[in-house]
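Undergrad: below: sequence and its predicted model.
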Amino acid sequence: MSGEGVPANDAEFHDEGGVLETLTKLRHSPTSLAGLLIIFALVLMALFSAVDNFVFDRAIITWLHADPHAMDQSMRYDDPSWEHPMGTDRYGRDMLSRVIYGSRTALTIGIVAVGISFVGGVIIGAVSAFFGGYVDDFLMRSVEILYAIPGLVLAIIFMAIFGPSIYNLFIAYGIVGIPAYARVMRSEALSIRDRQYVEAAKLAGLPRRTILFREIVPNGIAPVVVQATLSMGGVIIGAAALSFLGFGVQPPTPDWGRMLSDGRTAMVVAWWVAVFPGIMIFITVMGFNMLGDGLRDVMDPKMTVEATPYDDWNIDEWKEKQRAATTESDLAPDTPTTRADGSGPQEGDRS
């Protein structure tokens, strides 16, 4: 390492905040970049279908390809072709258009349900850890009751009581996911509440809610964000499962789970009706899981995902140091050796 000082104007200063620093590190993770690419493509599809449906009444996709709601019994179960790249279903509706419109339903369910779980879990977990005592016992025991019931079963019970609709689906999976977020947030808040800056805020006389939501929650939110990203795929699969069973999104709204349900009876004669929606579910879940794995690696201090600077791999400098070390050893005086019998150095006895 050179002993020369580094000029102040050549020094690099990193002033990014936590979020910007995390996003900067993500570019060094191929898994995260692949997940982001998949999610970006799905978001574009969902935004297009939402704008086209609510603003233009499906005029754009009808002009570009086909109306996802248009039925034509003469084209029932048509094979994939140039006109219909993913074929048609039993009502003659174009599968490609319905798959594109199904992305809006899947992402909306995932974002809204995870948002409900995220907010509810963060509030419950932070309040439980901060106040402790009876408050902690009551909130955690209530959460554990929900956690003891399988998520899909709890969602089915909720949908059976309040009726199948997309809005009830939001609430059902939002409630199902709260226990996981609450437990993660509570564990983070327990490790933060006794730190010096929290104690300083208490000594300064700040209100409890200010300390809780300004000091504790922002500093413990990172693992909850990772949990939300990893949970998105599970929520999308769960929502598709409910739609498959008839408790979720109702016709004629395009939904990948409903498409799977419609295609299970026609797998022999029309495999494409179930295969293409299943592939979209798989790709969506993989995208969110890959992004979640990358975020977990970036936020884990024991993992390194940053690119190694080229200066650390300066081969020429390393070779020069090795050559200098070899030269110094060759120029060093020879050390005389002594025979075992105690006689002095002999000719040729050089190391």
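TA: Thanks, I have the structure now.
Undergrad: check which residues of stretch 31-44 are buried.
TA: Burial within stretch 31-44, assessed by neighbour count using 16 or more other C-beta atoms under 10 Å, is assigned to Thr31, Ser32, Gly35, Leu36, Ile38, Ile39, Leu42. To be clear about C-beta, it is placed using only N, CA and C from the backbone, and glycine gets the same treatment.
Undergrad: with stretch 67-75 instead?
TA: Asp67, Pro68, His69, Met75.
Undergrad: identify, from these, the entry nearest to Ala274.
TA: Nearest to Ala274 out of the buried residues of stretch 67-75 is Pro68 (C-beta to C-beta; 17.0 Å).
Undergrad: burial count for the residue lying closest to the closest one once chain neighbours are set aside?
TA: Residue nearest to Pro68 in three dimensions, not counting chain neighbours: Ser97, with 3.8 Å by C-beta to C-beta, 6 or more residues apart in numbering. Residue crowding around Ser97 was assessed by other C-beta atoms under 10 Å; the count is 23.
Undergrad: OK, contacts around the residue nearest the centre of the chain?
TA: The centre of the chain sits closest to Gly292, judged by C-alpha atoms, centre = their mean, with a distance of 2.6 Å. Listed by C-beta atoms under 8 Å, 6 or more residues apart in numbering, the contact partners of Gly292 are Gly35, Val226, Thr229, Leu230, Met232, Gly233.
Undergrad: how about those residues in CSV, adding secondary structure and pLDDT?
TA: Listed next are the contacts of Gly292 as CSV, based on DSSP: H, G, I helix; E, B strand; the rest coil; pLDDT from 0 to 100:
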residue, secondary structure, pLDDT
Gly35, helix, 90
Val226, helix, 85
Thr229, helix, 87
Leu230, helix, 85
Met232, helix, 90
Gly233, helix, 88
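Undergrad: format those residues as CSV; extra columns: distance to Ser165.
TA: Supplementary listing: those in CSV, determined by distance: C-beta to C-beta, whole Å:
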residue, distance to Ser165
Gly35, 31
Val226, 31
Thr229, 27
Leu230, 27
Met232, 21
Gly233, 23
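Undergrad: where neighbours are concerned, which of those residues has the most?
TA: Met232 (26 neighbours).
Undergrad: gap between that one and Leu245?
TA: 21 Å (C-beta to C-beta, to the nearest Å).
Undergrad: so Ile157, which of the three states?
TA: helix (DSSP: H, G, I helix; E, B strand; the rest coil).
Undergrad: how many neighbouring residues does it have?
TA: Neighbour tally, Ile157, other C-beta under 10 Å: 13.
Undergrad: any idea of the mean pLDDT in the longest helix seen in the chain?
TA: Longest among the helix segments of the chain by residue count, using DSSP state H, is helix 95-131. What helix 95-131 shows for mean pLDDT is 92.
Undergrad: what comes up buried for that helix?
TA: Going by 16+ other C-beta under 10 Å, helix 95-131 has these buried residues: 95-114, 116-118, 120-130.
Undergrad: who's in contact with Met86?
TA: So Met86 contacts Pro80, Asp94, Met95, Leu96, Val99, Trp272, Phe276 (C-beta under 8 Å, 6+ apart).
Undergrad: what about the longest helix of the chain, distance to the chain center?
TA: Centroid separation for helix 95-131 versus its chain: 12 Å, with C-alpha atoms, centre = their mean, to the nearest Å.
Undergrad: could we number from 898 for the rest of this?
TA: Done: numbering now begins at 898, and the last item shifts to helix 992-1028.
Undergrad: so after that helix, what's the next helix or strand?
TA: Downstream of helix 992-1028, the next assigned helix or strand under DSSP states H and E is helix 1030-1045.
Undergrad: buried sites along the helix or strand harbouring Glu1096?
TA: Secondary structure assignment for Glu1096, by DSSP H and E: helix 1093-1100. Neighbour counts over helix 1093-1100 (16+ other C-beta under 10 Å) mark Val1095, Ala1098 as buried.
Undergrad: report how many residues lie close to the closest residue in space to Ser1062 that isn't next to it in sequence.
TA: Distances taken as C-beta to C-beta, 6+ apart place Gln1147 nearest to Ser1062, at 6.9 Å, with adjacent residues excluded. Neighbour count for Gln1147, taken as other C-beta under 10 Å: 14.
Undergrad: please apply the same query to the one 10 residues further on.
TA: Neighbouring residues of Leu1157 were enumerated by other C-beta under 10 Å; the total is 20.
Undergrad: and the helices in the protein?
TA: All helices of the chain, identified by DSSP H, fall at 915-923, 927-951, 956-961, 992-1028, 1030-1045, 1048-1059, 1063-1089, 1093-1100, 1105-1108, 1114-1117, 1119-1142, 1153-1160, 1169-1196, 1212-1228.
Undergrad: nearest to Gly984, out of those helices?
TA: helix 1169-1196 (4.1 Å).
Undergrad: just the angle between the closest one and helix 1153-1160, please?
TA: Relative orientation of helix 1169-1196 versus helix 1153-1160 (axes from the mean of the first three to the mean of the last three C-alpha atoms, to 10 degrees): 150 degrees.
Undergrad: what pLDDT, on average, does helix 1169-1196 get?
TA: Computed over helix 1169-1196, the average pLDDT equals 89.
Undergrad: next, the buried residues of it.
TA: Buried-residue list, helix 1169-1196, by 16+ other C-beta under 10 Å: 1169-1174, 1177-1178, 1181-1182, 1184-1196.
Undergrad: next one: that helix to chain centre, how far?
TA: The chain centre lies 9 Å from the centre of helix 1169-1196; the measure is C-alpha atoms, centre = their mean.
Undergrad: could you measure from the residue nearest to Ser1062 over to Val1081?
TA: Counting by C-beta to C-beta, the gap from Gln1147 to Val1081 is 34 Å.
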